[in-house]
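Undergrad: sequence and predicted structure are below.
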Amino acid sequence: MKSFAEAARGFMPPDEGEALFRAASEVAVDGPLLEVGSYCGKSSVYIGAAAQTMGRVLFAIDHHRGSEENQAGWEHHEPGLVDQEIGKMDTLPIFRRTIHDAGLEGTVIAVVADSPTLGPVWTTPLAMLFIDGGHGEEPARRDFECWTPHVAIGGTLCIHDVFPDPADGGQAPYEQIYLPALEAGFDEVDQVGSLRILKRTA
Ligand code: SAH
Ligand code: MG
(Lines give C-alpha, C1' and ligand atoms only; values in the text may rest on other atoms or scores of the structure.)
(Ligands and ions follow the chains in the order given, each with its own letter.)
Protein backbone atom coordinates (compact mmCIF):
# COMPACT_ATOMS: atom_id res chain seq x y z
CA MET A 1 0.00 0.00 0.00
CA LYS A 2 1.29 3.46 -0.84
CA SER A 3 1.63 6.13 1.81
CA PHE A 4 -0.63 9.19 1.77
CA ALA A 5 2.18 11.30 0.38
CA GLU A 6 2.96 8.84 -2.41
CA ALA A 7 -0.64 8.48 -3.47
CA ALA A 8 -1.13 12.25 -3.42
CA ARG A 9 1.48 12.59 -6.12
CA GLY A 10 -1.17 11.63 -8.65
CA PHE A 11 -0.65 11.96 -12.35
CA MET A 12 0.49 15.55 -12.89
CA PRO A 13 4.15 16.24 -13.79
CA PRO A 14 5.76 19.25 -12.02
CA ASP A 15 6.10 21.41 -15.15
CA GLU A 16 2.37 21.05 -15.85
CA GLY A 17 1.54 21.77 -12.22
CA GLU A 18 3.65 24.92 -12.31
CA ALA A 19 1.90 26.03 -15.51
CA LEU A 20 -1.41 25.48 -13.75
CA PHE A 21 -0.17 27.62 -10.86
CA ARG A 22 0.83 30.39 -13.26
CA ALA A 23 -2.47 30.26 -15.14
CA ALA A 24 -4.34 30.50 -11.84
CA SER A 25 -2.11 33.37 -10.67
CA GLU A 26 -2.82 35.31 -13.85
CA VAL A 27 -6.62 35.04 -14.01
CA ALA A 28 -7.94 38.23 -15.55
CA VAL A 29 -11.48 38.39 -14.17
CA ASP A 30 -13.33 38.22 -10.86
CA GLY A 31 -14.74 35.03 -9.43
CA PRO A 32 -13.78 31.71 -7.88
CA LEU A 33 -11.70 28.97 -9.48
CA LEU A 34 -13.07 25.46 -9.97
CA GLU A 35 -11.57 22.11 -10.86
CA VAL A 36 -13.42 19.02 -12.04
CA GLY A 37 -11.44 15.96 -10.89
CA SER A 38 -9.29 16.41 -7.78
CA TYR A 39 -8.31 12.82 -6.93
CA CYS A 40 -5.77 13.06 -4.09
CA GLY A 41 -5.39 16.82 -4.35
CA LYS A 42 -2.21 17.36 -6.33
CA SER A 43 -3.62 19.77 -8.91
CA SER A 44 -5.74 21.34 -6.15
CA VAL A 45 -2.53 22.32 -4.33
CA TYR A 46 -1.05 24.04 -7.39
CA ILE A 47 -4.25 25.96 -8.17
CA GLY A 48 -5.12 26.47 -4.51
CA ALA A 49 -1.70 27.98 -3.72
CA ALA A 50 -2.32 30.63 -6.39
CA ALA A 51 -5.89 31.21 -5.19
CA GLN A 52 -4.66 31.69 -1.63
CA THR A 53 -2.25 34.48 -2.58
CA MET A 54 -5.09 36.23 -4.45
CA GLY A 55 -7.63 35.86 -1.65
CA ARG A 56 -9.84 33.69 -3.85
CA VAL A 57 -11.25 30.19 -3.39
CA LEU A 58 -10.98 26.97 -5.38
CA PHE A 59 -13.96 24.63 -5.57
CA ALA A 60 -12.59 21.10 -5.94
CA ILE A 61 -15.26 18.86 -7.48
CA ASP A 62 -14.90 15.07 -7.25
CA HIS A 63 -17.18 12.20 -6.25
CA HIS A 64 -13.99 10.58 -4.95
CA ARG A 65 -15.04 7.20 -6.33
CA GLY A 66 -12.40 7.26 -9.07
CA SER A 67 -12.66 7.31 -12.83
CA GLU A 68 -13.08 4.20 -14.93
CA GLU A 69 -9.30 3.95 -15.31
CA ASN A 70 -8.85 4.01 -11.50
CA GLN A 71 -11.04 0.94 -10.86
CA ALA A 72 -9.70 -2.54 -10.01
CA GLY A 73 -8.10 -4.17 -13.04
CA TRP A 74 -7.31 -0.86 -14.79
CA GLU A 75 -3.96 0.83 -15.36
CA HIS A 76 -4.28 3.59 -12.76
CA HIS A 77 -5.75 1.51 -9.90
CA GLU A 78 -4.35 1.95 -6.38
CA PRO A 79 -5.58 -0.91 -4.14
CA GLY A 80 -4.83 1.21 -1.06
CA LEU A 81 -7.51 3.70 -2.10
CA VAL A 82 -10.41 1.24 -1.79
CA ASP A 83 -12.87 1.47 1.13
CA GLN A 84 -12.72 -2.23 1.97
CA GLU A 85 -16.12 -2.33 3.68
CA ILE A 86 -18.02 -1.18 0.63
CA GLY A 87 -15.53 -2.20 -2.05
CA LYS A 88 -15.44 1.25 -3.66
CA MET A 89 -12.66 3.78 -4.18
CA ASP A 90 -12.53 6.60 -1.66
CA THR A 91 -9.92 9.31 -2.24
CA LEU A 92 -11.56 11.90 0.03
CA PRO A 93 -9.49 11.11 3.18
CA ILE A 94 -6.22 11.48 1.25
CA PHE A 95 -7.49 14.59 -0.51
CA ARG A 96 -8.29 16.16 2.90
CA ARG A 97 -4.87 15.27 4.25
CA THR A 98 -3.18 16.79 1.19
CA ILE A 99 -5.10 20.06 1.56
CA HIS A 100 -4.45 20.13 5.29
CA ASP A 101 -0.72 19.54 4.88
CA ALA A 102 -0.54 22.27 2.22
CA GLY A 103 -2.17 24.79 4.58
CA LEU A 104 -5.01 25.33 2.13
CA GLU A 105 -8.06 24.40 4.20
CA GLY A 106 -9.24 28.02 4.11
CA THR A 107 -8.93 28.22 0.34
CA VAL A 108 -9.80 24.87 -1.23
CA ILE A 109 -13.46 23.89 -0.83
CA ALA A 110 -14.09 20.18 -1.42
CA VAL A 111 -17.37 19.48 -3.16
CA VAL A 112 -18.15 15.75 -3.14
CA ALA A 113 -20.38 15.51 -6.17
CA ASP A 114 -20.94 13.87 -9.51
CA SER A 115 -19.77 16.48 -12.01
CA PRO A 116 -22.72 16.37 -14.48
CA THR A 117 -25.18 16.45 -11.59
CA LEU A 118 -23.67 19.62 -10.12
CA GLY A 119 -22.75 21.44 -13.34
CA PRO A 120 -26.30 22.27 -14.49
CA VAL A 121 -27.29 23.79 -11.13
CA TRP A 122 -24.05 25.77 -10.66
CA THR A 123 -24.61 29.54 -11.05
CA THR A 124 -21.44 31.50 -10.15
CA PRO A 125 -19.30 32.67 -13.11
CA LEU A 126 -15.76 31.26 -12.89
CA ALA A 127 -12.46 33.09 -13.27
CA MET A 128 -10.85 29.74 -14.09
CA LEU A 129 -12.05 26.21 -14.83
CA PHE A 130 -9.71 23.21 -14.85
CA ILE A 131 -11.12 20.01 -16.33
CA ASP A 132 -9.39 16.74 -15.37
CA GLY A 133 -12.28 14.40 -14.53
CA GLY A 134 -13.41 11.22 -16.27
CA HIS A 135 -11.46 10.62 -19.48
CA GLY A 136 -13.99 8.40 -21.25
CA GLU A 137 -15.75 9.92 -24.24
CA GLU A 138 -19.12 10.43 -22.55
CA PRO A 139 -17.76 11.81 -19.23
CA ALA A 140 -15.47 14.23 -21.10
CA ARG A 141 -18.31 15.39 -23.37
CA ARG A 142 -20.58 16.00 -20.39
CA ASP A 143 -17.89 17.92 -18.48
CA PHE A 144 -17.44 20.16 -21.51
CA GLU A 145 -21.19 20.70 -21.88
CA CYS A 146 -22.05 21.40 -18.29
CA TRP A 147 -19.00 23.36 -17.07
CA THR A 148 -17.49 25.47 -19.88
CA PRO A 149 -20.58 27.77 -20.08
CA HIS A 150 -19.76 28.85 -16.50
CA VAL A 151 -16.39 30.37 -17.47
CA ALA A 152 -16.70 34.17 -17.40
CA ILE A 153 -15.84 36.12 -20.54
CA GLY A 154 -12.11 36.77 -20.22
CA GLY A 155 -11.83 33.75 -17.92
CA THR A 156 -9.40 30.85 -18.23
CA LEU A 157 -10.04 27.22 -19.22
CA CYS A 158 -7.36 24.62 -18.51
CA ILE A 159 -7.68 21.08 -19.85
CA HIS A 160 -5.46 18.19 -18.79
CA ASP A 161 -4.44 15.08 -20.74
CA VAL A 162 -4.93 16.58 -24.19
CA PHE A 163 -3.24 14.26 -26.68
CA PRO A 164 -3.71 15.18 -30.38
CA ASP A 165 -1.74 12.05 -31.35
CA PRO A 166 -3.51 8.82 -30.29
CA ALA A 167 -0.07 7.24 -29.80
CA ASP A 168 0.45 9.55 -26.78
CA GLY A 169 -2.80 8.87 -24.91
CA GLY A 170 -6.58 8.69 -24.87
CA GLN A 171 -8.46 10.99 -27.24
CA ALA A 172 -11.47 12.08 -25.18
CA PRO A 173 -10.10 15.29 -23.61
CA TYR A 174 -8.78 16.35 -27.05
CA GLU A 175 -11.88 15.45 -29.06
CA GLN A 176 -14.64 16.10 -26.52
CA ILE A 177 -13.25 19.14 -24.65
CA TYR A 178 -10.32 20.85 -26.39
CA LEU A 179 -11.62 20.92 -29.99
CA PRO A 180 -15.19 21.87 -29.00
CA ALA A 181 -13.81 24.68 -26.78
CA LEU A 182 -11.97 26.19 -29.75
CA GLU A 183 -15.34 26.18 -31.60
CA ALA A 184 -17.15 27.69 -28.62
CA GLY A 185 -15.27 30.97 -28.18
CA PHE A 186 -12.09 29.87 -26.39
CA ASP A 187 -8.62 30.72 -27.78
CA GLU A 188 -5.47 28.82 -26.88
CA VAL A 189 -2.88 30.88 -25.00
CA ASP A 190 -0.39 28.28 -23.79
CA GLN A 191 0.47 24.59 -23.65
CA VAL A 192 2.79 22.61 -21.40
CA GLY A 193 2.93 18.84 -21.86
CA SER A 194 -0.64 17.62 -22.08
CA LEU A 195 -1.98 20.77 -20.39
CA ARG A 196 -3.80 23.30 -22.60
CA ILE A 197 -4.60 26.80 -21.41
CA LEU A 198 -7.35 28.75 -23.16
CA LYS A 199 -9.08 32.09 -22.65
CA ARG A 200 -12.76 32.72 -23.21
CA THR A 201 -13.10 35.53 -25.72
CA ALA A 202 -16.77 35.12 -26.68
N1 SAH B 1 -6.60 16.55 -11.17
C2 SAH B 1 -6.00 15.47 -10.42
C3 SAH B 1 -6.26 14.10 -11.03
C4 SAH B 1 -7.70 13.80 -11.30
S5 SAH B 1 -7.97 12.09 -11.70
C6 SAH B 1 -4.51 15.72 -10.32
O7 SAH B 1 -3.90 16.17 -11.30
O8 SAH B 1 -3.94 15.50 -9.28
C9 SAH B 1 -9.66 12.14 -12.18
C10 SAH B 1 -10.65 12.31 -11.04
O11 SAH B 1 -11.92 12.57 -11.62
C12 SAH B 1 -10.84 11.08 -10.14
O13 SAH B 1 -10.51 11.41 -8.82
C14 SAH B 1 -12.33 10.74 -10.28
O15 SAH B 1 -12.95 10.35 -9.06
C16 SAH B 1 -12.90 12.05 -10.78
N17 SAH B 1 -14.15 11.86 -11.54
C18 SAH B 1 -14.35 11.08 -12.61
N19 SAH B 1 -15.62 11.16 -13.03
C20 SAH B 1 -16.24 12.04 -12.20
C21 SAH B 1 -17.58 12.54 -12.09
N22 SAH B 1 -18.54 12.16 -12.94
N23 SAH B 1 -17.87 13.41 -11.11
C24 SAH B 1 -16.92 13.79 -10.22
N25 SAH B 1 -15.64 13.36 -10.27
C26 SAH B 1 -15.30 12.50 -11.24
MG1 MG C 1 -4.96 14.39 -15.56
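TA: Received it, and whenever you're ready, just let me know what you need. Ligands and ions are numbered 1, 2, ... in the order given.
Undergrad: which strand or helix spans the residue of the chain most remote from its centre?
TA: Distance from the C-alpha centroid of the chain peaks at E85, with 27.8 Å (CA atoms, centre = their mean). Here E85 sits in a region with no helix or strand, counting by DSSP states H and E.
Undergrad: so in this structure, which strand runs the longest?
TA: In the chain, taking DSSP state E as the definition, the longest strand is strand 151-159.
Undergrad: could I get the full set of helices for the chain?
TA: 4-8, 14-25, 42-54, 92-101, 115-118, 137-147, 172, 179-183 (DSSP state H).
Undergrad: return the member of these having the minimum mean pLDDT.
TA: Across the helices of the chain, helix 4-8 has the smallest mean pLDDT, namely a mean of 44.
Undergrad: spell out which parts of the chain neighbour ligand 1.
TA: Contact residues (CB under 6 Å from any ligand atom) of the chain with ligand 1: 10-12, 37-39, 42-43, 61-67, 91, 114-115, 132-134, 139. (Glycine included, C-beta is placed from N, CA and C.)
Undergrad: just to revisit the earlier point, what would the helices of the chain look like in JSON lines with mean neighbour count and distance to H77?
TA: JSON lines is the format used below for the helices of the chain (neighbours: other CB atoms under 10 Å; distance: least, CB to CB, whole Å):
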{"stretch": "helix 4-8", "mean neighbour count": "16", "distance to H77": "12"}
{"stretch": "helix 14-25", "mean neighbour count": "18", "distance to H77": "22"}
{"stretch": "helix 42-54", "mean neighbour count": "23", "distance to H77": "17"}
{"stretch": "helix 92-101", "mean neighbour count": "19", "distance to H77": "15"}
{"stretch": "helix 115-118", "mean neighbour count": "17", "distance to H77": "20"}
{"stretch": "helix 137-147", "mean neighbour count": "20", "distance to H77": "17"}
{"stretch": "helix 172", "mean neighbour count": "22", "distance to H77": "19"}
{"stretch": "helix 179-183", "mean neighbour count": "14", "distance to H77": "29"}
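Undergrad: residues in contact with N70?
TA: 39, 76-78, 81, 89 (CB atoms under 8 Å, 6 or more residues apart in numbering).
Undergrad: filter those residues to the buried ones?
TA: Buried members of those, scored by 16 or more other CB atoms under 10 Å, are 39, 78, 81, 89.
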